[in-house]
Structures are given as C-alpha cells and as structure tokens.
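1. Requesting a structural model of the entry that follows:
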Amino acid sequence: MKRFNEVLERNLEKLELYVPVVARVHGGSHPEFHSVHDLYNKISEKIEKVGTQRPDLDEEFGELRQITENYTVPDDVCESYEAVYHMLSELDEAYSCR
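-> Now for the predicted structure:
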C-alpha cells in the first residue's frame, strides 16, 4: 500500500490535468480513451472515498489493461497521452504489488 500511495501522490496531479485534456484532444481518433477517462474517474472516486484505506480497484485496473491492451501507446498520439498510459501503468503495477 505504501508504494501505491507514493506512486499515486507523485502522479495524481498530472493525471488530473492530463486525462480530461487527452480525452478532448484524442477522443475522436481514439474513442477508447473515453473509457479510460471514465475508469480513471471511478478510480479517483474510490480512492477519495476510502481515505487512507486500500481501495478495491481490481475491476478498474483489469478493465484498463483490457481497453489499453496493457497500456500500449498508439503511434499517432502526443506525449501527454503517452504520459497518461505510463502513469496509469505504474499505478496499476504498484496496486498489484500487495
């Protein structure tokens, strides 16, 4: 949980900024990112709701891995899109290391 919290703290502010922008910019050519955006919002809500306790995010990270093909970055996207996938992947990995 400590590692998850560290990764979350390091990336949360950027994710909050980048996810909505990437959805707006790339959502037309990459409609799957709208699902990524929705799942990110669910993750954020669950984290906020439980405070310092461990949130149950198994379902959300499982869906993210499926939708993003294990966080595979498309060839035609910007650095912000790539950064979102890398941060989500890192958060997923930290969450999975129990």
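
2. If you tally nearby residues, what's the number for the residue nearest to residue 63 when sequence neighbours are not counted?
-> By the measure of CB to CB, 6 or more residues apart in numbering, the closest residue to residue 63 outside its immediate chain neighbours is residue 39, 5.6 Å from it. For the C-beta atoms, the positions are set from N, CA and C on the backbone; glycine is no exception. By the criterion of other CB atoms under 10 Å, residue 39 has 21 neighbours.

3. What is the host helix or strand of residue 39 packed up against?
-> Here residue 39 sits within helix 32-50, counting by DSSP states H and E. Applying 3 or more CB pairs under 8 Å, 6 or more residues apart in numbering; DSSP states H and E, we find helix 32-50 packed against helix 2-26, helix 58-67, helix 79-96.

4. okay, that helix in PDB with CA atoms only?
-> Output in PDB follows, covering the C-alpha atoms of helix 32-50 (Å, rounded to 0.1, in the frame of the first residue of the first chain):
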ATOM      1  CA  GLU A  32     -11.300   4.000 -26.300                       C
ATOM      2  CA  PHE A  33      -9.700   6.900 -24.300                       C
ATOM      3  CA  HIS A  34     -13.200   8.000 -23.200                       C
ATOM      4  CA  SER A  35     -13.500   4.600 -21.400                       C
ATOM      5  CA  VAL A  36     -10.000   5.200 -19.900                       C
ATOM      6  CA  HIS A  37     -11.300   8.600 -18.700                       C
ATOM      7  CA  ASP A  38     -14.400   7.100 -17.200                       C
ATOM      8  CA  LEU A  39     -12.300   4.400 -15.400                       C
ATOM      9  CA  TYR A  40      -9.900   7.000 -14.200                       C
ATOM     10  CA  ASN A  41     -12.800   8.900 -12.700                       C
ATOM     11  CA  LYS A  42     -14.000   5.800 -10.900                       C
ATOM     12  CA  ILE A  43     -10.600   5.100  -9.500                       C
ATOM     13  CA  SER A  44     -10.300   8.700  -8.300                       C
ATOM     14  CA  GLU A  45     -13.700   8.500  -6.600                       C
ATOM     15  CA  LYS A  46     -12.900   5.200  -4.900                       C
ATOM     16  CA  ILE A  47      -9.500   6.500  -3.600                       C
ATOM     17  CA  GLU A  48     -11.200   9.600  -2.300                       C
ATOM     18  CA  LYS A  49     -14.000   7.700  -0.600                       C
ATOM     19  CA  VAL A  50     -11.700   5.300   1.400                       C
END
